[in-house]
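> the following block contains a protein sequence and its predicted model.
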Amino acid sequence: MNQSKTDISTNINWEEIRAQFPVLNQEVNGKRLVYLDNGASSQMPQVVVDRINKYHSHEHANVHRGIHSLSQHATDAYEATREKVRRLINARYQEEIIYTTGTTDSINLVANSYGRKFFKEGDEIIVSEMEHHANIVPWQLVGEQTGAKLRVIPMNENGELEMERFYELLSEKTKFVSVIHVSNALGTINPVKEIIDAAHERNIPVLVDGAQAVPHSKVDVQELDTDFYAFSAHKMCGPTGFGILYGKKELLDSIPPYRGGGDMIDKVTFQKTTWNDLPHKFEAGTPPIAAGIGLGTGIDFLNSIGMENIAAREAELVAYATKKLSKIEGLRIVGTSHEKASVISFLLDGIHPTDAGTILDKEGIAVRTGHHCAQPVMDHFNIPGTLRASISFYNNEDDIDRLVDGIEYTKEFFA
Ligand code: PLP
């Protein structure tokens, strides 16, 4: 295997890119770290760490409030991220980019603001069997308050949505559809465009949970024609505590604020309060300023490589890993959809995922074990959980080889 691999077609040196991630350059339990838990949180390149440090060291002030230069500078840097996000996902207007604390917060915003205004007893919200809990529980909570009920698109044994069942579920009662773009537990890429088009034929709005899609591929919200789209900074080379809700302007205008406080108001009196314009209507209180600025630098970094190149490199690594893992006796891959992104979930015969994950950790290999916040997926396959290797463009073939060796060692350990 060539350690200084340069992709001839793109002239990208992936090892040089990898070298920009300081976290990867360390030993864990005496072994070189192999980080394959990118689905939970990706790592930050040095430029993002430096940008956040610079803000804290030289630029810190509250945003949107101060007349003084430092506050204006912080506001400009923080607001610049909005345009970078708009371009990244090709939204029409900057006002359609709402800053949140992450995918979970984005979905809760829509469930509360849209759901409490429009849902009533007997209404139905369609989600899928492979949702992350973040796209199940907020709808259940708003359902308890409004009387709306969840309906679920089932999946088959490959971990693909049964689309004919989706069409059967669509009815007069359906008031909202909320689906995951790429499954964090199985890696399945769902046909969200088809889902959106079918829902729109009945004037039903759609939210797409893009937490595992935006970091790995080019997403175009206008092409998808999605009404809402949610994702998190910390899965795309940015920091924790920050995320995005995209929403079509007319829909965001039609729903009330989710949280009240500073920044989101126009005029406050004890009799009546009016709201700020979009996007600030949904952004109450002092935000995580450094994290917002850090995401901007993370997006610059991803763009410097190119989302198409990232997707192609990850597809190459996933194919390499799938081939190698498939050859291991007693290893079963869970989630074998034809359309898959950078997640490989698997089980080892007779070894509990947690036990296997513990041995791999001793070998310096970080994988995720458990239900991956998708308990219905585990119930579907009647398993307690899986081991999950989630791959990023800064991984390499050597990481996969180390995982394979680690699994062989784990099998011997428990034999
Ligand atoms: N949706 C999906 C598909 C995810 O993978 C995750 C995180 O793993 C979430 C939602 C929740 O993201 P966050 O914890 O950043 O809000």
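Yes, it's here.

> please give me every residue in contact with I407.
L325, I328, L331, L348, A356, L360 (C-beta atoms under 8 Å, 6 or more residues apart in numbering). C-betas here are computed from N, CA, C, even on glycine.

> helix or strand: which one has the last one?
Meaning L360. helix 353-362 (DSSP states H and E).

> tell me the buried residues in that helix?
P353, A356, G357, I359, L360, D361 (16 or more other C-beta atoms under 10 Å).

> turn those into CSV, including distance to I189 and pLDDT.
Supplementary listing: those in CSV, determined by distance: C-beta to C-beta, whole Å; pLDDT from 0 to 100:
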residue, distance to I189, pLDDT
P353, 24, 97
A356, 26, 98
G357, 25, 98
I359, 31, 98
L360, 26, 98
D361, 29, 98
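
> okay if I get those as JSON lines plus distance to the ligand?
Formatted as JSON lines, the buried residues of helix 353-362 follow (distance: C-beta to the nearest ligand atom, whole Å):
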{"residue": "P353", "distance to the ligand": "17"}
{"residue": "A356", "distance to the ligand": "21"}
{"residue": "G357", "distance to the ligand": "17"}
{"residue": "I359", "distance to the ligand": "24"}
{"residue": "L360", "distance to the ligand": "20"}
{"residue": "D361", "distance to the ligand": "19"}
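
> and the furthest pair within those?
P353 and D361 (12.3 Å; C-beta to C-beta).

> name the helices or strands packed onto the particular helix or strand that has R151 in it?
If you go by DSSP H and E, R151 is part of strand 149-153. Contact here means 3 or more C-beta pairs under 8 Å, 6 or more residues apart in numbering; DSSP states H and E; on that basis strand 149-153 packs against strand 124-128, helix 137-146, helix 163-169.

> what's in contact with that strand?
122-129, 136, 139-140, 143, 161-163, 165-166, 169, 174, 179, 376.

> follow-up on the earlier one: looking at the helices and strands packed on strand 149-153, which one is packed in the most?
Of the helices and strands packed on strand 149-153, the one with the most neighbours on average (mean count of other C-beta atoms under 10 Å) is strand 124-128, at a mean of 24.

> tell me the secondary structure for S345?
strand (DSSP: H, G, I helix; E, B strand; the rest coil).

> beta partners of it?
Counting by DSSP bridges, S345 is bridged to V334, R388.

> isn't it up against S183?
No: counting by C-beta atoms under 8 Å, S345 sits too far from S183 to count as a contact (9.0 Å).

> now the common contact residues for the two.
Contacts common to S345 and S183, judged by C-beta under 8 Å, 6+ apart, are G335.

> Serialize the helices and strands packed on strand 149-153 to TSV and add fields for distance to S57.
Converted to TSV, these look like this (distance: least, C-beta to C-beta, whole Å):
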stretch	distance to S57
strand 124-128	44
helix 137-146	37
helix 163-169	51
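
> quick check: phi and psi at the residue lying farthest from the centre of the chain.
Relative to the centre of the chain, and counting by C-alpha atoms, centre = their mean, the farthest-placed residue is Q271 at 40.5 Å. In terms of degrees, to the nearest 10, the main-chain angles of Q271 are phi -90, psi -40.

> now F242
Here F242 shows phi and psi, under degrees, to the nearest 10, equal to phi -140, psi 140.

> can you tell me which residues contact it?
Y99, T100, T101, G102, S232, A233, H234, P288, A291, G292, G294, L295.

> try L347
For L347, the contacting residues are L331, R332, V334, P353, I383, T386, L387, by C-beta under 8 Å, 6+ apart.

> most surrounded residue in the residues you listed?
Within these, most neighbours by other C-beta atoms under 10 Å means T386, with 31 neighbours.

> residues of this protein that sit close to the ligand?
Contact residues (C-beta under 6 Å from any ligand atom) of the chain with the ligand: A40, G102, T103, T104, H132, A134, I180, N184, D209, A211, Q212, S232.

> which residues touch the fourth one?
Right, T104. So T104 contacts A134, P138, G243 (C-beta under 8 Å, 6+ apart).

> please apply the same query to V110.
By C-beta under 8 Å, 6+ apart, the neighbours of V110 are S178, L207, F228, A230, L245, G247.

> nearest to the ligand among the residues you listed?
A230 (7.4 Å; C-beta to the nearest ligand atom).

> now the closest one. Its backbone dihedrals?
Dihedral angles (degrees, to the nearest 10) for A230: phi -120, psi 140.

> could you give the bridge partners of it?
Assigned bridge partners for A230, using DSSP bridges, are D209, L245.

> which residues touch the residue positioned nearest the centre of the chain?
Centroid-nearest residue in the chain: A211, 1.4 Å away (criterion: C-alpha atoms, centre = their mean). Going by C-beta under 8 Å, 6+ apart, A211 touches T103, H132, A134, N184, A230, F231, S232, K235.
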